[in-house]
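In: This is a predicted model, with the sequence first.
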Amino acid sequence: MTPLLLHAGGRVAWDTWELDPSLIAGLFIAVTAYTYALLTQRPPSERSEPLRTVAYFIGVALIFLALASPLDIGSEQLLSLHMLQHVMLASVGPPLVLLGLPAWLVRRMLGRGFLFRLAAAVTQPLPAAIAFSLNMWLWHAPPAYELALNHLGVHIFQHVLFLATGLAFWWPVIAPLPELSRIGAGGRLLYLFITGFPMGILALLLLSSNTVVYGFYATGPRLWGVDPLTDQQVAGVIMGGLGEITSFIAFSLLFWRFLGDADAEIETVLPT
């Protein structure tokens with residue numbers, strides 16, 4: 001077994017960044033291709049949407065910070081920082097990236113062939129919710145979690161799955177492509193309400209446990225002198241707090257849209 005020597009006992013400071021070439025290359029392609037498409041490929045009938053562009057770049061920046069900043073180094077010494085990294089990859093970065101994708105760009109990206117059929121399959125609400133929840137629970141089971149901490153390849157695969165299932169999970173909510181939007185505002189509200197329970201239960205288990213769940217953090221180097229049990233409780237707060245705040249914001253926005261749609265329907269039915 002090859003232990004994960006990236007960060008164990010490593011110095012955590014503002015200048016300790018992990019600028020992995022594959023990560024930099026991937027994010028460079030994502031930013032360059034997006035910028036090129038907006039500047040040269042936008043149809044004349046489509047207007048510029050600055051807020052979408054800002055959302056996309058913020059989402060990409062958060063993913064970059066989660067994987068390359070000192071947070072990545074600290075995540076191997078504090079469970080709470082690792083949980084913050086997971087939440088950024090699965091629940092904060094993906095919805096912002098999807099918000100930044102105009103429908104015409106998604107349509108060009110997917111075409112009408114294999115990619116379109118794949119997106120149609122994996123972004124259906126039920127499969128997306130199941131994949132997201134199972135992925136979250138699987139990787140936070142102690143054997144899988146510590147396997148990722150001790151094997152670099154598994155750790156990278158874990159991050160890829162968090163990002164992929166996060167994009168699939170948020171797709172039915174953001175609905176970047178009308179052709180693949182299967183549920184209305186009311187259905188999205190129900191979707192967010194039901195899917196909040198699995199993560200909430202996992203967060204509650206971490207928060208309420210009287211023992212350290214992951215032995216790696218009980219015996220490994222400690223950052224800032226935080227004891228393992230307190231660190232674990234903070235991790236539970238981050239998962240249940242920050243993770244659910246994202247869903248709450250989306251739920252609130254969708255709720256107001258739902259009320260607006262309902263009022264519009266009433267006005268068309270009732271005589272003036």
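Out: The structure has been received and is ready for your questions.
In: From now on I want contacts and neighbour counts done on CA atoms only, so please keep to that.
Out: Fine.
In: Next, the contact list for S45, please.
Out: Not one residue lies near S45 by CA atoms under 8 Å, 6 or more residues apart in numbering.
In: which stretch of helix or strand covers it?
Out: Using DSSP states H and E, S45 sits within no helix or strand.
In: For the residue nearest the centre of the chain, give its distance to N210.
Out: Closest residue to the average C-alpha location of the chain: A90 at 2.0 Å, with CA atoms, centre = their mean. Distance, A90 to N210, using CA to CA, to the nearest Å: 27 Å.
In: end to end, how far does stretch 117-134 reach?
Out: The separation between the terminal residues of stretch 117-134, taken as CA to CA, is 23 Å.
In: separation between the closest residue in space to A175 that isn't next to it in sequence and V226?
Out: Spatial nearest neighbour of A175, chain neighbours left out: S181 (5.4 Å); criterion: CA to CA, 6 or more residues apart in numbering. Using CA to CA, one gets 45 Å for the distance from S181 to V226.
In: quick one: which of the two has more around it?
Out: Remark: of S181 and V226, S181 carries more neighbours, 17 against 12, as counted by other CA atoms under 10 Å.
In: The more buried one contacts G187, doesn't it?
Out: No: counting by CA atoms under 8 Å, S181 stays clear of G187, with 10.8 Å between them.
In: next one: phi and psi at the closest residue to S75 other than its chain neighbours?
Out: Leaving aside its sequence neighbours, S75 sits nearest to H82 (CA to CA, 6+ apart; 4.0 Å). Phi and psi for H82, reported as degrees, to the nearest 10, are phi -70, psi -40.
In: okay, now H82: neighbour count?
Out: 19.
In: pLDDT wise, what is it at?
Out: H82 is assigned a pLDDT of 92 by the prediction.
In: In contact with it, which residues?
Out: 71-72, 74-76.
In: Looking at these, which are in strands?
Out: Of these, none are assigned to strands by DSSP state E.
In: could I get these as TSV with distance to E49, pLDDT and neighbour count?
Out: What follows is those, written out as TSV (distance: CA to CA, whole Å; pLDDT from 0 to 100; neighbours: other CA atoms under 10 Å):
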residue	distance to E49	pLDDT	neighbour count
L71	32	87	22
D72	33	85	22
G74	37	84	24
S75	36	84	23
E76	39	81	26
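In: Dump those residues into a markdown table; add distance to E18 as well.
Out: A markdown table is the format used below for these (distance: CA to CA, whole Å):
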| residue | distance to E18 |
| --- | --- |
| L71 | 10 |
| D72 | 8 |
| G74 | 11 |
| S75 | 12 |
| E76 | 13 |
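In: Among those, name the ones in helices.
Out: 71-72, 74 (DSSP state H).
In: where does the residue nearest to the centre of the chain fall, helix, sheet strand or coil?
Out: State at A90, reduced to three classes by DSSP: H, G, I helix; E, B strand; the rest coil: helix.
In: Quickly note the distance from it to L229.
Out: 24 Å.
In: and if you look at A129?
Out: Taking CA to CA, one finds A129 at 30 Å from L229.
In: Which one of the two is surrounded by more residues?
Out: Shown here are A129 and L229; by other CA under 10 Å, A129 has more neighbours (25 against 19).
In: Name the nearest residue to that one, sequence neighbours excluded.
Out: In space, and not counting its chain neighbours, A129 is closest to F169: 5.6 Å by CA to CA, 6+ apart.
In: Show me what the strand or helix carrying the one you found packs onto, helices and strands only.
Out: Using DSSP H and E, the element containing F169 is helix 152-174. Under the contact criterion of 3 or more CA pairs under 8 Å, 6 or more residues apart in numbering; DSSP states H and E, helix 152-174 touches helix 93-99, helix 125-139, helix 142-150, helix 185-208.
In: Please consider this matter closed, and thank you.
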